[in-house]
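show me how the following folds:
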Amino acid sequence: MTKDWMKVFIAAFFEVFWVIGLKYASDFWTWAGTAVAIFISFYLMIMAGRKLPVGTVYAIFVGLGTAGTVFSEIVFFNEPFEVVKIILIIILLSGVIGLKLVTPNDIEEGDES
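Residues are numbered from 1 along each chain as shown. Sure thing, here's the model as predicted:
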């Protein structure tokens, strides 16, 4: 896995934090943390999109972020566990993994900036 794909996965990780922050932030510090998570998330996604196909980067970013947010809501915020949700997340992640597998690692081979 290249460092550009790692950027996408880290960006999706931070996406979970800012999405949850948009729902639960209530004071200066939680809003500041949400803003920082938004910045890190989009910065990494944009940097990865410079070398990887943008459509695939965005689809993987959103898919992983969605799955992470749903799981976080169930585990940390007492959202009801529904089998249908989990099945749909598995289908979503299957598509994300499929996109990753059929996408070349780098558009510009050899450029490791």
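
residue 103 is in contact with residue 53, correct?
Yes. Taking contacts as C-beta atoms under 8 Å, residue 53 lies within contact range of residue 103: 5.9 Å. For the C-beta atoms, the positions are set from N, CA and C on the backbone; glycine is no exception.

who has more neighbours out of the two?
The residue with more neighbours, out of residue 53 and residue 103, is residue 103; 16 against 13, by other C-beta atoms under 10 Å.

so who does that one touch?
Neighbour list for residue 103: 52, 53, 56 [criterion: C-beta atoms under 8 Å, 6 or more residues apart in numbering].

among the residues you listed, which are located in helices?
Using DSSP state H, the subset of the contacts of residue 103 located in helices is residue 56.

nearest to residue 70 among the contacts of residue 103?
Nearest to residue 70, judged by C-beta to C-beta, of the contacts of residue 103 is residue 56 at 21.4 Å.

model confidence for the closest one, exactly?
pLDDT, the model's per-residue confidence, is 87 for residue 56.

tell me which other helices or strands the host helix or strand of residue 73 touches.
Following DSSP states H and E, one finds residue 73 within helix 54-76. Contacts defined by 3 or more C-beta pairs under 8 Å, 6 or more residues apart in numbering; DSSP states H and E place helix 54-76 against helix 3-24, helix 28-49, helix 83-102.

out of the ones you listed, deepest packed?
Ranked by mean neighbour count under mean count of other C-beta atoms under 10 Å, the helices and strands packed on helix 54-76 are led by helix 3-24, which reaches a mean of 18.
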